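Colleague: Sequence first, predicted model second:
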Amino acid sequence: MHTLHGRALPVASGAKLARPELTVLALVGDGDGLGIGAGHLPHTIRRNPDITCVLFDNAIYGLTKGQTSPMTPQHQITRSHPMGNPDPKMNPVLLALSYGAGYVARGFAGAPDEMQRLFEEGIRHKGFSFIHIMSPCVTFDKVNYLYDNLRSWVRLLPAGYDSTNLDRAFEIARGVELFTGLIYSKPSLEQGAR
Ligand SMILES: Cc1ncc(C[n+]2csc(CCOP(=O)(O)OP(=O)(O)O)c2C)c(N)n1
Ligand SMILES: [Mg+2]
């Protein structure tokens, strides 16, 4: 279902309420989910519906031709900021963890097998799941999220990483390294709990 820009989460919540037997995913952009629709993320997380939100972050407003988004790095030159973006970017993984999401993961569009695994796990998770996908905009971003850049920036989570440890998940989310994989998953006994 294509719905209003920035309103995917309320529509997905409504779909899940009306048809609980459906598997519901909300696919959002970085401008969509973290800009115009940002207010819906914390409230959807605390209501904890059994839906999976995938945030395709290309660090730019792509469809409208290259304006600064909430994920554009500070000082980057864009069509809307020819002198450079004055504002720091957001941290979607930290945001989702802070509001209590029970499944939080990060992937990279250049690693489709890992993405598939994260989507499957997110769908299986009972309750709200949030997946941040770093995804190049090959048309309007020639400096930041290039495939080669992202490939050299991302890191797999360290061996033995315990995704049920919330404190460790916060450390990963706040660190400078761009770790991909399952960053946090609420222990199964608590799954679905608010
Ligand atoms: C209510 C509303 N406001 C503004 C727009 C114009 N608009 C369309 S796409 C977009 C930004 C898209 O950026 P993002 O969500 O990052 O998606 P991308 O195109 O980069 O994948 C905007 C502002 C719109 N379609 N509807
Ligand atoms: Mg975008």
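Modeller: Cool, the structure landed. Source: prediction; values computed, not measured. Ligands and ions are numbered 1, 2, ... in the order given.
Colleague: what sits against Tyr103?
Modeller: Glu121, Gly122, His125, Gly127, Phe128, Ser129, Phe130, Leu182, Tyr184, Ser185, Lys186 (CB atoms under 8 Å, 6 or more residues apart in numbering). For the C-beta atoms, the positions are set from N, CA and C on the backbone; glycine is no exception.
Colleague: how about TSV for these, with neighbour count, distance to ligand 2 and pLDDT added?
Modeller: Shown next, in TSV, are the contacts of Tyr103 (neighbours: other CB atoms under 10 Å; distance: CB to the ion, whole Å; pLDDT from 0 to 100):
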residue	neighbour count	distance to ligand 2	pLDDT
Glu121	17	24	98
Gly122	22	20	98
His125	22	25	97
Gly127	21	26	97
Phe128	29	22	98
Ser129	26	20	98
Phe130	30	16	98
Leu182	23	23	98
Tyr184	23	24	98
Ser185	20	26	98
Lys186	21	28	95
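Colleague: from these, which ones fall inside helices?
Modeller: Among these, the ones falling in helices (DSSP state H) are Glu121, Gly122.
Colleague: Now, the contacts of Tyr103 that are in strands?
Modeller: The members of the contacts of Tyr103 that map onto strands under DSSP state E are Ser129, Phe130, Leu182, Tyr184, Ser185.
Colleague: Double-check the second one against Val104; I have them as touching.
Modeller: In this case it means Phe130. Yes - between Phe130 and Val104 a contact is recorded at 5.2 Å, counting by CB atoms under 8 Å.
Colleague: Give me the number of neighbouring residues for Tyr99.
Modeller: Using other CB atoms under 10 Å as the criterion, Tyr99 is surrounded by 15 other residues.
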